[in-house]
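[1] Pasted the sequence and its predicted model underneath.
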Amino acid sequence: MTIVLGLGLFKHKFKLQICLACVLLTQTSLSPASNYSDGLSAYIKGNYELAQVLWLKAAKENNARAMFNLGLLHDQRKITNADPEKAERWFKIAGKNGYAAADYYYANRLTDRGAPKSEIIVYLRRAVTNGSYPAGAMLAELDAGESVSQIARERRENLSADTSLAVAEADNQNRSDEPARIERYLTESWIASKAADNWTIQLLAFEDQAKVRKFIDDHQLQRSAAYFVERTNQGVLYKLVYGAYETKEQADQARNALSPALREHGPWLRPMSSIQSIIAKQ
C-alpha cells in the first residue's frame, strides 16, 4: 500500500446519504453532463439560484442526479422559492429514474414522519436494488424488528453529533464503477456539501483508488470518511478525509479520539475550504 498523506473520520450508526451531484452550465453549453457538473461548481461557490437553473436544464434531459439535487435545494432551503413539497416530488422523481440515494433519502423523511414501516420498506428495497449500501443497512434494521420511531431517534442523535449531512456521490472520475459500488463510498460531493469554514482531518493519501477504498472497507469508514482526487505534476492522488467540524478545536478533539490504526500515519487538520478549492479546480 502506497501511503502519501493523512486524513480522518467521524463514525455514525446512521447518516443520511444524500448526493449533491450537478454541474454549472456555461452560457454556450447545453449538454446534460455539463449542466450537472457546472451546477456542482455553482453550488460550491454558494450560487444556489444558478445551480437550480442549471439542474433544471439537466433534469429535462433525464439526469436523475440533477433531479435529486433540485430536491436538496428545496429541502435545505438554499433557494428563495424553497418548498418542502417540491423537495419530496423531486426525490420521488429521481428515485423512479433509478437514483438510489433519492429513495434512501425519501425513506428517511418518511421515518421522521412516523410513516408505516411497509411504506418505508418499499423505497428502501428499490434503493437497495439500485445499489445503495446505506439503504441496505437501514432495511436490515427494520427487518430485524427495530421500530420506525427507534430508528428515527437514533438517526437524529447521530446527526446532532455532526453539523453536516453525509453525501454519497460518485465523482466524475468514477462513472465507470458498477452501480452497486457507486454509493458505497463518500467522495467529492460529500465534501462540497460542507460549510467552507468547517474543519476536517486528513488521514492518508493513496496513488491507487482501489487502495483507498480497501482502506475504507478495512476500517469500516464508509459512512464517515470521504476521499477526493487531486491531480499534480507528479500524478494523481486519492486523499482521504475524516469528518466535518464547526471549529478547529472540535476537529482536534476528534483527531485525538481516533483509533491507533488511524493515528498511525500522522493525521492532520485542514480547513474544508482548502479541499473544496482543489475540487473546484479539477
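    Now that the structure is in, tell me what you want to look at.

[2] So for the helix or strand harbouring Ala42, what gets flagged as buried?
    Under the criterion of DSSP states H and E, Ala42 resides in helix 32-44. Going by neighbour count (16 or more other C-beta atoms under 10 Å), the buried part of helix 32-44 is Pro32, Ser34, Asn35, Tyr36, Ser37, Asp38, Gly39, Leu40, Ser41, Ala42, Tyr43, Ile44. Yep, even glycine has a C-beta here, placed from its N, CA and C like the rest.

[3] Out of the residues you listed, which is nearest to Ala192?
    In terms of C-beta to C-beta, no member of these lies closer to Ala192 than Ile44, at 5.0 Å.

[4] Do you know the pLDDT at that closest one?
    We have a pLDDT of 76 for Ile44.

[5] now swap in Lys60 and tell me
    93.

[6] Can you report how many residues neighbour it?
    12 (other C-beta atoms under 10 Å).

[7] And for the one 3 residues further on?
    Residues within reach of Asn63, counting by other C-beta under 10 Å, total 24.

[8] quick one: it and Asp38 touch, right?
    No. Taking contacts as C-beta atoms under 8 Å, Asn63 lies outside contact range of Asp38: 12.0 Å.

[9] For the stretch 101-250 of the chain, give me the ranges with low pLDDT.
    Residue ranges of the stretch 101-250 of the chain with pLDDT under 70: 133, 146-184.

[10] still on that earlier bit, let's have the buried residues of helix 32-44 in CSV, adding distance to Glu88.
    Shown next, in CSV, are these (distance: C-beta to C-beta, whole Å):
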residue, distance to Glu88
Pro32, 23
Ser34, 28
Asn35, 23
Tyr36, 21
Ser37, 26
Asp38, 26
Gly39, 20
Leu40, 22
Ser41, 26
Ala42, 23
Tyr43, 20
Ile44, 25
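
[11] Could you find the lowest-pLDDT member of these?
    Lowest pLDDT of the buried residues of helix 32-44: Pro32, 49.

[12] Show me the common contact partners of Asn63 and Asp38, please.
    Residues touching both Asn63 and Asp38 (C-beta atoms under 8 Å, 6 or more residues apart in numbering): none.

[13] Just the helices from the stretch 1-150 of the chain, written as ranges.
    Assigned by DSSP state H, counting those that start in this stretch, the stretch 1-150 of the chain shows helices spanning 32-44, 48-60, 64-75, 84-96, 100-113, 117-129, 133-143, 148-160.

[14] Of these, give the one that comes closest to Ser273.
    Closest among these, using C-beta to C-beta: helix 32-44, at 9.9 Å.

[15] and the closest residue to Val236 other than its chain neighbours, how many neighbours?
    Nearest residue to Val236, sequence neighbours excluded (C-beta to C-beta, 6 or more residues apart in numbering): Val229, at 6.3 Å. The local packing of Val229 (other C-beta under 10 Å) involves 19 other residues.

[16] And for the one 5 residues further on?
    Neighbour count for Gln234, taken as other C-beta under 10 Å: 8.

[17] if I look at it, how far off is Ala205?
    12 Å (C-beta to C-beta, to the nearest Å).

[18] Next: Asp103.
    33 Å.

[19] Look at those two and report which has more neighbours.
    Counted by other C-beta under 10 Å, Asp103 and Ala205 do not tie: Asp103 has more neighbours, with 27 against 21.

[20] residue contacts, that one?
    Applying C-beta under 8 Å, 6+ apart, the residues near Asp103 are Phe91, Gly95, Tyr123, Leu124, Arg126, Ala127, Asn130, Ser132, Ala135.

[21] same thing with Tyr99?
    Going by C-beta under 8 Å, 6+ apart, Tyr99 touches Cys19, Ala64, Arg65, Met67, Phe68, Asn130.

[22] The fifth one touches Arg89, doesn't it?
    So that's Phe68. No. Using C-beta under 8 Å, Phe68 is not in contact with Arg89, being 11.5 Å away.

[23] measure stretch 185-202 end to end?
    Length of stretch 185-202, first residue to last, C-alpha to C-alpha, to the nearest Å: 16 Å.

[24] Please compute how far that stretch lies from its chain's middle.
    Relative to the centre of its chain, stretch 185-202 is centred 9 Å away, using C-alpha atoms, centre = their mean, to the nearest Å.
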